[in-house]
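Student: I would like to see how this sequence folds:
(chains A and B, ligands or ions: 2)
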Amino acid sequence: MSTINENARPAHKGGAPLPGTSSGVLKKVVVIVLLCLAWELTVRILKVNKLLFPPLSDVAVRLMHGLGFGGGSASGELWAYIWETLSVILQSFAISTALAILVTGLAISNIWMRETLSVMTGMFQPLPSIALLPMAILWFGFSRDSLVFVVVMAMVWPIASSLTVGFATISPTLLRLGRNYELGRFAMMKEILLPAALPMMISGLRVGWGFGWRTVVAAELVFGATGNGGGIGWFINNSRLFMNIGDGFAGILLVIIVGLVTESLFRLLQHFTTHKWGTESY
Amino acid sequence: MTTATTATAVGEALRLPANAGSDLVVLDRVSIEFPRSRGSGHVVAVSDVSVSIRRGEKFVILGPSGCGKSTLLTALGGFIPVSSGAILVDGKAVSAPSMNRVLVFQDFGQLLPWRTVSGNVEWAVGKRWPSMKPRERKARAAHYIDIVGLGAQAGQYPNTLSGGQKQRCAIARAFAVQPAMLLMDEPFGALDAINRERMQYELNKVWASESEPVTIAFVTHDVNEAVHLGHRVMVMSRGPGRLRALIDNPCVGSPPHDEAALALVQELRDLLKDEP
Ligand SMILES: Nc1ncnc2c1ncn2[C@@H]1O[C@H](COP(=O)(O)OP(=O)(O)OP(=O)(O)O)[C@@H](O)[C@H]1O
Ligand SMILES: [Mg+2]
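Tutor: Ligands and ions are numbered 1, 2, ... in the order given. So this is what the prediction gives:
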């Protein structure tokens, strides 16, 4: 351990600067605007069939209407679809996190649990969990439970494996500190292990969320074929059935936006925890 | 107030308390072995050490690197078992770590990074007295943070502190829980010379400020530190991990370059040097 703390950040008005307030943001905005223009102009100049590939302006109008903006024709139906999808993934996220903590917690003290966990993680992490959807449908039917099952299978392994690494790299000094203050198993987990493993935990949650988000949208697309369900994936698939391709693109944009928003929520979480404490490992 | 009187005043305060003399810790023929990482057999880290530590004294364990000082201290804390012999605290064999014997490490990473300076001290106080009222807990923490001179940094997270400040915080935390015994493993080992001397002086001060002085076992390989801090100095040798000498130190807390102290420093240095 060196005397100089490489993780400490120079003081700034009110703590470390929020991520994304640098001049890089301006460049990003320019690039996004250029991409949007390219989409709009390509479609219009080349006179692409609007039924197959609508210009951005059409999609934007659809999106606004879907979200309930823009006067009488606005339906606001997108909120219901996106919420349906979000509620599935949030529920799965909570289940996966709790499961991962439980299993890795048990694996700390028991060598057989540890081996089992390591083998299971090795097996299931490379498996695209959407492949389990047919079995899930057999077991749970075309229900929300099937969705939650495949999404949990997508999320739990990356979270568990990063937690395992996080626990394994906790400094022995902190563990001794916990023993010195006579912490029981539960208190040790809550007061030492979890906060110390938080940097790894956050990166695991991030990866897990990414896997889960892809899986839930894909699973809903499959459900869409059966006319069941009601999430954003289902909505996108329906737009194909009714040749409302503009709606489909609006749904896709929304999926992207939600992905970006959650990503910045994770950054915010880091800003208020591991960055502030200087425990970020990179 | 002149420097001379300050030194005398500190010297007075550093006298052992009246109830000193009764033994708090008894080490009875303690040996500690570790299994060898490859092959069979054992590494003997501490061999056949018998000594007792008196209530309220600062007891220094001095020895060259690798002679088993940390091992002995960790066993005293109850973190590792002894291979033979016994460690008794207050007549009872040590079997597990306890808040009554608080360890202070050399490692700057001993503070909880997710708690501020006052958060760290309050956390420990809360563990020690779970039913203490929050206001009382805060006041107690603030008192000890002030004593070690960290009042201005109380709201800062450990990653914004210097090494010396982190050790001060660790010391405040340890004193705040009022253990029967403090076990300090080279807490100033990673500090620069000036800072180390200042911290030694402050440790003496904090120790003396308690109405009922806490018993301290202090591990070091620095002879000057041993003479400045220890009422008694136990010298260990790498032969392996044996007790070589036990020396009474009348010069505890003496200013640097005190003649008697310098003589003792020389004596200890010779003891460390001409190891068999
Ligand atoms: N966990 C362990 N497993 C095996 N051997 C160990 C272990 N811990 C310590 N030892 C051995 O025990 C001996 C004493 O180690 P210890 O850490 O107590 O020395 P020390 O006096 O504290 O040295 P230093 O001043 O460098 O800290 C060393 O030879 C060391 O290699
Ligand atoms: Mg040591």
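
Student: The residue most central in space within chain A: what's it in contact with?
Tutor: With distances taken as CA atoms, centre = their mean, the residue of chain A nearest its centroid is A:Trp209 (2.6 Å). A:Trp209 makes contact with A:Ile89, A:Phe93, A:Met155, A:Thr262, A:Phe266, according to CB atoms under 8 Å, 6 or more residues apart in numbering or on different chains. In short, each C-beta sits where N, CA and C put it, glycine included.

Student: Can you check these and name whichever has the most neighbours?
Tutor: For these, counting by other CB atoms under 10 Å in any protein chain shown, the largest number of neighbours falls to A:Met155: 30 neighbours.

Student: Could you check whatever helix or strand that residue lives in against chain B for contacts?
Tutor: Assigned by DSSP states H and E, A:Met155 falls within helix A:144-168. No - applying CB under 8 Å from any CB of the partner chain, one finds helix A:144-168 separated from chain B by no less than 13.7 Å.

Student: Check which element follows that helix along the chain.
Tutor: Counting by DSSP H and E, the next helix or strand C-terminal to helix A:144-168 is helix A:172-180.

Student: could you say what helices and strands that following helix packs with?
Tutor: Judged by 3 or more CB pairs under 8 Å, 6 or more residues apart in numbering or on different chains; DSSP states H and E, the packing partners of helix A:172-180 are strand B:101-104.

Student: What separation do you get for A:Leu221 and ligand 1?
Tutor: In this view, A:Leu221 and ligand 1 are 55 Å apart by CB to the nearest ligand atom, to the nearest Å.

Student: That residue contacts A:Gly231, doesn't it?
Tutor: No - look at A:Leu221 against A:Gly231 with CB atoms under 8 Å: they stay out of range, at 9.4 Å.

Student: what residue ranges in the chain score low on pLDDT?
Tutor: Here I'm looking at chain A. Along chain A, segments meeting pLDDT under 70 span A:1-22, A:71-74, A:224-229, A:281-282.

Student: um, chain B though
Tutor: Applying pLDDT under 70 to chain B flags the ranges B:1-21, B:256, B:274-276.

Student: try 80 this time
Tutor: Along chain B, the parts satisfying pLDDT under 80 run over B:1-21, B:38-39, B:239, B:254-257, B:274-276.

Student: Ligand 1 contacts on that one?
Tutor: Contact residues, chain B versus ligand 1 (CB under 6 Å from any ligand atom): B:Phe34, B:Val43, B:Ala45, B:Gly63, B:Ser65, B:Gly66, B:Cys67, B:Gly68, B:Lys69, B:Ser70, B:Thr71, B:His221.

Student: tally of neighbours for the closest residue to A:Arg240 other than its chain neighbours?
Tutor: Counting by CB to CB, 6 or more residues apart in numbering or on different chains, A:Arg240 lies nearest to A:Gly248, which is 6.2 Å off, once chain neighbours are set aside. As a burial measure, A:Gly248 scores 21 neighbours (other CB under 10 Å).

Student: so which of the contacts of A:Trp209 comes closest to A:Leu41?
Tutor: A:Thr262 (31.1 Å; CB to CB).

Student: dump the residue contacts of the closest one.
Tutor: Counting by CB under 8 Å, 6+ apart, A:Thr262 makes contact with A:Trp209, A:Trp213.

Student: how far away is it from A:Glu115?
Tutor: Distance from A:Thr262 to A:Glu115, counting by CB to CB, to the nearest Å: 33 Å.

Student: For chain B, what is the nearest residue in the stretch 151-282 of chain A?
Tutor: At 2.9 Å from chain B, A:Gly278 is the closest residue in the stretch 151-282 of chain A, using CB to the nearest CB.
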